[in-house]
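Asks: Generate coordinates for the sequence data below:
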Amino acid sequence: MPRITLIGAGSVVFAKNVISDCLSYPELADSTFALYDIDPDRLRTAEKMAHHLAAAWNACPTIIATTDPREALEGADYAVNMIQVGGYEPCTVIDFEVPKKYGLRQTIGDTLGIGGIFRALRTIPVMLEYARIMEEICPAVWLLNYVNPMAINTWAMLEATRIRTVGLCHSVQSSYRHLAAAVGVNPDEVNFICAGINHMAFYLKLEHKGQDLYPRIIEKVRSGEYYPDWDRVRLDMLLRIGYYITESSEHFSEYNPWFIKRDRPDLIERYNIPLDEYPRRCIAQNESWERMAADLEAGIGFENPQRSDEYCARIIHAIETDQPFLLHASVLNHGIIDNLPWGCCVEVPCLVDRNGIRPVRVGALPPTLAAMNRTNINVQELTVRAALERKREYVYHAAMLDPHTAAELSLDEIWALVDDLFEAHGSWLPPFD
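Replies: I've put the predicted structure just below:
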């Protein structure tokens, strides 16, 4: 049985999905789960949760809980990364509140933009510390990374370490489903091809029994028959570029210069953009954790657990059993997408079996889609360079080239904002030259 290490297991809600999904496979039901977290209280809750899940699935895993990363990673076959460096407080609050002083507002702030840049700068050094341990004691491990900013973090790990790393998200396998339902098609019967970068990949094809669904979808959107409030941004983009974007409207609204403008409150209302959405989610997740911790303390477990649509357990199952499947994951672009930069981090179809995770060549994206991706890749590359080389000038340049930040602030404001964020984050960031 494999040994599966959860790095940041105190993220109990997400850890619950990973462990439960693994236990849902008989071939993985006796696996060893090594739970690691720097917070002993959250770790205890995670350990109780794991035992309750084992009982719910009638499984017999070995469960280890430790605050020692070396103990957790010793002999690991798979490591699942789910950390949040700096947490909601103080770091996420800083990422949102300091930019507000300059009139720069965000929705999620974890992928791109000024929030995504500084989230990466404090996360990558910690990930590299764990990678050095892995290189020493479990060099053949597969690191399954769920931590945002996905493209930046995965790019840095693959460039700076020898650890086999793949970036995983849940947007590709779920975002098209409501479109299929809108035209009366069973989403499970839809075939699609999807590629781009994480949180800005595009469904290049959406087909049902060989029929292209895009004309029917676009007709319903254009007529207003299908135009839900929560997805106005992506549906507007669908009408303009002809392809649907994988990640949510609240995410995409801050990856470009078009939707969030301090002197255009009408755009916020028109597109129903939820400013400060991520802090609200963090508060809700913390409350959910407290409820789960209280239930577990009272001996209340889980009834009728169901397998989620996350890729993690399916990857482990495919490698262990040689039962292949196709997923979409973030890997380095080594000849996969022709018109995106060599070596950047792309999200593409990958085949998984006993040989591991192998990306499938896509070729060229439609020119407009590649151009949109490149505006984000510029920021990602400079942030990776800043994190790996510890050069402060690259942080200024990443912020300067970020589409949303550049649309709102002058160069002097951008420089001042970066300085303020360095000061506010303090010891959460390593020294920069």
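Asks: Quick one: residues contacting Tyr243.
Replies: Phe202, Tyr203, Leu204, Tyr214, Pro366, Leu369 (C-beta atoms under 8 Å, 6 or more residues apart in numbering). All C-beta spots, glycine's among them, are computed from the backbone N, C-alpha and C.
Asks: what about the last one, how many residues close to it?
Replies: The reference is to Leu369. Other residues lying near Leu369 total 23 when counted by other C-beta atoms under 10 Å.
Asks: ok, and the closest non-adjacent residue to it?
Replies: Nearest residue to Leu369, sequence neighbours excluded (C-beta to C-beta, 6 or more residues apart in numbering): Phe202, at 5.1 Å.
Asks: can you count the residues close to the one you found?
Replies: Neighbours of Phe202 (other C-beta under 10 Å): 26.
Asks: Please save the CA atoms from the strand or helix carrying it in CSV.
Replies: Under the criterion of DSSP states H and E, Phe202 resides in strand 200-208. Once non-C-alpha atoms are left out, strand 200-208 reads as follows in CSV (Å, rounded to 0.1, in the frame of the first residue of the first chain):
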residue,chain,number,x,y,z
MET,A,200,-7.4,30.6,-17.7
ALA,A,201,-7.7,27.5,-19.8
PHE,A,202,-10.3,27.3,-22.5
TYR,A,203,-12.7,24.6,-23.6
LEU,A,204,-11.5,24.3,-27.2
LYS,A,205,-14.2,21.8,-28.0
LEU,A,206,-17.4,20.9,-26.2
GLU,A,207,-19.2,18.0,-28.0
HIS,A,208,-22.1,15.7,-27.3
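Asks: what about that strand, average pLDDT?
Replies: The average of the pLDDT scores along strand 200-208 is 98.
Asks: burial measure for Asp266, as a count.
Replies: Asp266 has 9 nearby residues by other C-beta under 10 Å.
Asks: Let me fix that, I meant to ask about Tyr102.
Replies: Tyr102, neighbours per other C-beta under 10 Å, totals 18.
Asks: Tell me the secondary structure at it.
Replies: Following DSSP: H, G, I helix; E, B strand; the rest coil, we place Tyr102 in the coil state.
Asks: Tell me how far it lies from Ile114.
Replies: 9 Å (C-beta to C-beta, to the nearest Å).
Asks: which residues do these two both contact?
Replies: Leu417.
Asks: Let me see the contact set for Ser249.
Replies: By C-beta under 8 Å, 6+ apart, the neighbours of Ser249 are Trp230, Asp231, Arg232, Val233, Arg234, Leu235, Tyr271, Asn272, Ile273.
Asks: Could I get the buried residue list for the helix or strand hosting Val352?
Replies: Assigned by DSSP H and E, Val352 belongs to strand 345-353. Using 16 or more other C-beta atoms under 10 Å as the test for burial, strand 345-353 gives Cys345, Val346, Glu347, Val348, Pro349, Cys350, Val352.
Asks: between that strand and strand 200-208, how big is the angle?
Replies: 50 degrees (axes from the mean of the first three to the mean of the last three C-alpha atoms, to 10 degrees).
Asks: which residue sits closest to His317, ignoring its sequence neighbours?
Replies: Tyr25 (4.9 Å).
Asks: Quick one: neighbours of that neighbour, just the number.
Replies: 19.
Asks: what's the answer for Glu136, then?
Replies: Glu136: 10 neighbours (other C-beta under 10 Å).
Asks: State whether it is indeed within a helix.
Replies: Yes - counting by three-state DSSP, Glu136 is part of a helix.
Asks: Tally up the residues packed near the closest residue to Thr67 other than its chain neighbours, please.
Replies: Of all residues not flanking Thr67 in the chain, Pro40 sits nearest, at 5.9 Å (C-beta to C-beta, 6+ apart). Per other C-beta under 10 Å, the neighbour tally for Pro40 reads 12.
Asks: Likewise for Thr375?
Replies: With other C-beta under 10 Å as criterion, Thr375 counts 17.
Asks: That one: what's it in contact with?
Replies: By C-beta under 8 Å, 6+ apart, the neighbours of Thr375 are Asn256, Pro403.
Asks: now swap in Pro187 and tell me
Replies: Taking C-beta under 8 Å, 6+ apart, we find Pro187 in contact with Tyr176, Arg177, Ala180, Ala181.
Asks: If we use 10 Å, what do you get?
Replies: Ser174, Tyr176, Arg177, His178, Leu179, Ala180, Ala181, His208 (C-beta atoms under 10 Å, 6 or more residues apart in numbering).
Asks: Could you report the pLDDT at it?
Replies: So, for Pro187, pLDDT stands at 96.
Asks: same thing with Met292?
Replies: 87.
Asks: just Gly299 next, same as before
Replies: At Gly299, pLDDT is 87.
Asks: neighbours around it, how many?
Replies: 8.
Asks: Let me know the pLDDT of the nearest residue in space to Ile283 that is not next to it in sequence.
Replies: Excluding its sequence neighbours, the residue lying closest to Ile283 (C-beta to C-beta, 6+ apart) is Tyr88, at 7.2 Å. Here, the pLDDT recorded for Tyr88 equals 94.
Asks: what kind of secondary structure is Tyr88 in?
Replies: Going by three-state DSSP: Tyr88 is helix.
Asks: List the contacts of it.
Replies: Tyr278, Pro279, Arg281, Cys282, Ile283, Gln285, Asn286 are the contacts of Tyr88 under C-beta under 10 Å, 6+ apart.
Asks: So which residues of the stretch 301-433 of the chain form strands?
Replies: Assigned by DSSP state E, counting those that start in this stretch, the stretch 301-433 of the chain shows strands spanning 325-332, 345-353, 356-359.
Asks: Put together TSV for those strands, with mean pLDDT on each row.
Replies: Formatted as TSV, the strands of the stretch 301-433 of the chain follow (pLDDT from 0 to 100):
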stretch	mean pLDDT
strand 325-332	97
strand 345-353	98
strand 356-359	97
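Asks: Quick check: which of these is nearest to Ile137?
Replies: strand 356-359 (20.0 Å; C-beta to C-beta).
Asks: Identify each buried residue in the closest one, please.
Replies: The neighbour-count check on strand 356-359 (16+ other C-beta under 10 Å) flags Ile357, Pro359 as buried.
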